[in-house]
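S.K.: What follows is a predicted structure for the sequence shown.
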Amino acid sequence: MSNVPITDRSYQSSAICTIRNYLSLYSKPYFNKPPPPSAKDITDTIRFLMAQFYWPSNTGKLEEDLPSLLKFMMCPINLNKSAIKAPGTPHAWPSLLGVIYWLVQIVQYSDHKW
């Protein structure tokens with residue numbers, strides 16, 4: 001289990017704000033609706049973030065490709081395939097938000113590193 005407080009409301013609010021700010025830099029309106037966003041917005045956001053890492057899609061299935069990226073990058077948040085397959089469900093939202101927030105932080109770090 002991760003030590004990331006994915007169910008804490010203040011953590012979620014901060015995560016959503018950071019994600020919205022980052023996506024707005026690229027004119028991506030995926031997180032402009034109240035949480036949780038639609039399943040399509042969640043998957044589009046994840047695909048966009050994966051592309052920032054130039055991560056290849058070996059299968060074309062997010063539920064197969066995302067776990068391999070997260071494992072490779074040693075993501076501290078556990079995410080099961082059912083959460084990826086049903087991203088708009090309330091029980092999947094905290095884990096997905098945590099993963100998206102974590103990916104945004106890594107991308108932002110990479111952007112400023114150079």
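M.R.: Arrived safely.

S.K.: How about the contacts made by the residue sitting nearest the centre point of the chain?
M.R.: Nearest residue to the geometric centre of the chain (CA atoms, centre = their mean): Ile100, 1.7 Å. When contacts are counted by CB atoms under 8 Å, 6 or more residues apart in numbering, Ile100 touches Ala15, Ile19, Ile42, Thr45, Ile46, Leu49. Quick note: C-beta positions are derived from backbone N, CA and C, even for glycine.

S.K.: quick one: buried residues of the longest helix belonging to the chain?
M.R.: When the chain is parsed with DSSP state H, its longest helix is helix 93-113. Residues Trp93, Pro94, Ser95, Leu96, Leu97, Gly98, Val99, Ile100, Tyr101, Trp102, Leu103, Val104 are the ones in helix 93-113 that count as buried (16 or more other CB atoms under 10 Å).

S.K.: what's the burial count for the residue nearest to the first one when sequence neighbours are not counted?
M.R.: The one in question is Trp93. Spatially, and ignoring its direct neighbours in sequence, Trp93 is nearest to Pro36 (4.1 Å; CB to CB, 6 or more residues apart in numbering). Counted with other CB atoms under 10 Å, the neighbours of Pro36 add up to 20.

S.K.: Quick one: residues contacting Pro36.
M.R.: Ile42, Gly88, Pro90, Trp93, Leu96, Leu97.

S.K.: picking that back up, with pLDDT and distance to Asn3 added, can I get the buried residues of helix 93-113 in CSV?
M.R.: Shown next, in CSV, are these (pLDDT from 0 to 100; distance: CB to CB, whole Å):
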residue, pLDDT, distance to Asn3
Trp93, 90, 19
Pro94, 91, 14
Ser95, 92, 14
Leu96, 94, 18
Leu97, 94, 16
Gly98, 94, 11
Val99, 95, 14
Ile100, 95, 18
Tyr101, 96, 14
Trp102, 95, 12
Leu103, 96, 17
Val104, 96, 19
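
S.K.: Pick the one among those residues closest to Asn78.
M.R.: Nearest to Asn78, judged by CB to CB, of the buried residues of helix 93-113 is Ser95 at 7.0 Å.
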